[in-house]
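Student: any chance you can model this:
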Amino acid sequence: MNIKVKVLSRNPDDYLRETKHDIHRLPRNYDPTLHPFEANREYTRALNATKLDRIFAKPFLGALDGHSDSVQCMSKHPKSLSTLLSGSCDGQVKVWNLATRKCVRTLNAHRGFVRGITVDRNCEYILTVGNDQTIKQWGMEPAASRELEEPVNTIIGKTVFTSIDHHWKDPVYATCGQQVDLWDTSRADPVRSFTWGTDSIQSVKFNPVETNILASCTQDRHIVLYDTREVTPLRKLTLAMRTNTVAWNPMEAFIFTAANEDYQLYTFDMRRLDEAICVHRDHVSAVIDVDYSPTGKEFVTGSFDKSIRIFPTTESRSREVYHTKRMRHVSCVKWSLDNRYILCGSDEMNIRIWKASASEKLGKLDKREESTVEYSNKLREKFAHHPQVRRIARHRHVPRSIYHETKIIKEQLTSRKRKETNRRKNNKPESIPVVPIKKKAIVGEVE
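Tutor: Next comes the predicted model:
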């Protein structure tokens, strides 16, 4: 004979707090008619979350101290998050372990400046170029005797190489100097060379999505695009001032950002170069380097004004600015492949490590902390355009030099706008056309 017995069963997790079991959870009715002050309470919580975000914003994590001269270039390891390579003006290349913040390997690579470093995609060797007109190939694993470590292969060029970048899939790399050369790792002569009547070329970058496309920046203000499958370059864009380097968006194949000498950055679509997609302004001196985040939504810039800034790709103003008292002119920046850290090298021989999100808590978060962070982020996003929340979120303390230069640049822009307005008032209608800011810096385009 079967007897059915009904039993009341209660799970303590449903009505007791997970940390303190003497605190009972209260049931809540989410009917909006019962909560007339819900928006007011959420606004107060958003305001407090914004204030706490600024209070706990401590982005600086540490420095890698070991170089004896200015840091000139850096390179990320394609497969190891904890490995960083850096080259300095005294010809040394150092391999760092970011987890321990120690130098694990030092290479006396070149005589003079190290102009570029790259790692092949199979992580078998390191390629470096320098002022001594050589391309050197080093094994990824250190030799038994580190003091007498020699390169695996050395290629002597006819001119100084100023930059190097490796193809994202094939055993091919590109260098630049007086021209752009395409090399195969198994050959001592370039497979192909590209020229287009330009001055010396200072930077070359492969596209991570359309891997056959690469871009270069020249001393005479050009940005030149190439296709490795073609014999001649594709297109050439001329700007009002020189571009120091470019960075490709890793998520959008045709988008790249150019770091310019006119204190600004320009994001272009390579299919339509007659107008910039966005002009990014906030630096007060020449922008030296730029690197995208792995998500493609933001990029970091390093400038001669001794600061680094983080820009959303679709906005003209930076969301963050990092600086220290000791930091000098920033020469190179990198965004880590896990999207959490930023590295910058500067003239005072240090490599600094920063958090990509200034107030992010490092380490493992429990479920309650994760839900609290997510809820606070949603509230700040919901009330981001309220004046008080926006003012607190945007406020940053910057060095006195940057503060005063910003005021001067603002006065100059106001003066130019006033002058243009007065000229239009005192001339015939439509005799002085209005040029959008996205087209002002573009001098011409050649296909």
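Student: only C-alpha atoms, please: export the helix or strand that contains Tyr375 in PDB.
Tutor: Using DSSP states H and E, Tyr375 sits within helix 367-382. Extracted in PDB, the C-alpha atoms of helix 367-382 (Å, rounded to 0.1, in the frame of the first residue of the first chain):
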ATOM      1  CA  LYS A 367      28.500  36.700  -7.100                       C
ATOM      2  CA  ARG A 368      27.300  39.600  -5.000                       C
ATOM      3  CA  GLU A 369      30.200  41.800  -6.000                       C
ATOM      4  CA  GLU A 370      29.600  41.000  -9.700                       C
ATOM      5  CA  SER A 371      25.900  41.800  -9.500                       C
ATOM      6  CA  THR A 372      26.600  45.100  -7.600                       C
ATOM      7  CA  VAL A 373      29.200  46.200 -10.200                       C
ATOM      8  CA  GLU A 374      26.900  45.300 -13.100                       C
ATOM      9  CA  TYR A 375      23.900  47.100 -11.400                       C
ATOM     10  CA  SER A 376      26.100  50.200 -10.800                       C
ATOM     11  CA  ASN A 377      27.300  50.300 -14.400                       C
ATOM     12  CA  LYS A 378      23.800  50.100 -15.700                       C
ATOM     13  CA  LEU A 379      22.700  52.900 -13.500                       C
ATOM     14  CA  ARG A 380      25.600  55.100 -14.600                       C
ATOM     15  CA  GLU A 381      24.800  54.300 -18.200                       C
ATOM     16  CA  LYS A 382      21.100  55.100 -17.700                       C
END
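Student: mean confidence for that helix?
Tutor: For helix 367-382, mean pLDDT rounds to 93.
Student: ok, then the element right after it?
Tutor: Sequence-wise, the next helix or strand downstream of helix 367-382 (DSSP H and E) is helix 387-394.
Student: buried residues in that following helix?
Tutor: Of all the residues in helix 387-394, those buried under the rule 16 or more other CB atoms under 10 Å are Val389, Ala393. Using the backbone N, CA and C atoms, a C-beta is placed for each residue, glycine as well.
Student: quick one: list the elements packing against it.
Tutor: For helix 387-394, the elements it packs on are helix 38-55, judged by 3 or more CB pairs under 8 Å, 6 or more residues apart in numbering; DSSP states H and E.
Student: ok, back up a step: in terms of secondary structure, what does the helix holding Tyr375 contact?
Tutor: Going by 3+ CB pairs under 8 Å, 6+ apart, helix 367-382 lies up against helix 38-55.
Student: tell me the average confidence for the helix it packs on?
Tutor: Per-residue scores along helix 38-55 average to 95.
Student: tell me the buried residues in the helix holding Tyr375?
Tutor: In helix 367-382, counting by 16+ other CB under 10 Å, buried: Ser376, Leu379, Arg380.
Student: would you turn these into CSV with distance to Leu225?
Tutor: Supplementary listing: the buried residues of helix 367-382 in CSV, determined by distance: CB to CB, whole Å:
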residue, distance to Leu225
Ser376, 43
Leu379, 44
Arg380, 39
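Student: and which of these is nearest to Leu237?
Tutor: Using CB to CB, Arg380 comes nearest to Leu237 of those, at 38.1 Å.
Student: next helix or strand past the longest helix anywhere in the chain?
Tutor: Counting residues, the longest helix in the chain under DSSP state H turns out to be helix 400-425. Counting by DSSP H and E, the element after helix 400-425 in chain order, helix or strand, is helix 437-440.
Student: heading C-terminal from that following helix, find the next helix or strand.
Tutor: strand 442-446.
Student: okay, and for the stretch 51-200 of the chain, where does confidence drop off?
Tutor: 144-148 (pLDDT under 70).
Student: list the buried residues in the longest helix of the chain.
Tutor: Ile402, Glu405.
Student: swap in stretch 69-87?
Tutor: By neighbour count on 16+ other CB under 10 Å, the buried set for stretch 69-87 is 70-77, 83-87.
Student: and for stretch 300-318?
Tutor: Buried, per 16+ other CB under 10 Å, within stretch 300-318: 300-311, 313, 316, 318.
Student: for that stretch, the distance to its chain's centre please.
Tutor: A distance of 8 Å separates the centroid of the chain from that of stretch 300-318, by CA atoms, centre = their mean, to the nearest Å.
Student: now do stretch 178-188
Tutor: Averaging C-alpha positions (CA atoms, centre = their mean) puts stretch 178-188 27 Å from its chain's average.
Student: need the distance between the two termini of it.
Tutor: Chord length of stretch 178-188, first to last residue, is 18 Å (CA to CA, to the nearest Å).
Student: right, I'll leave it there.
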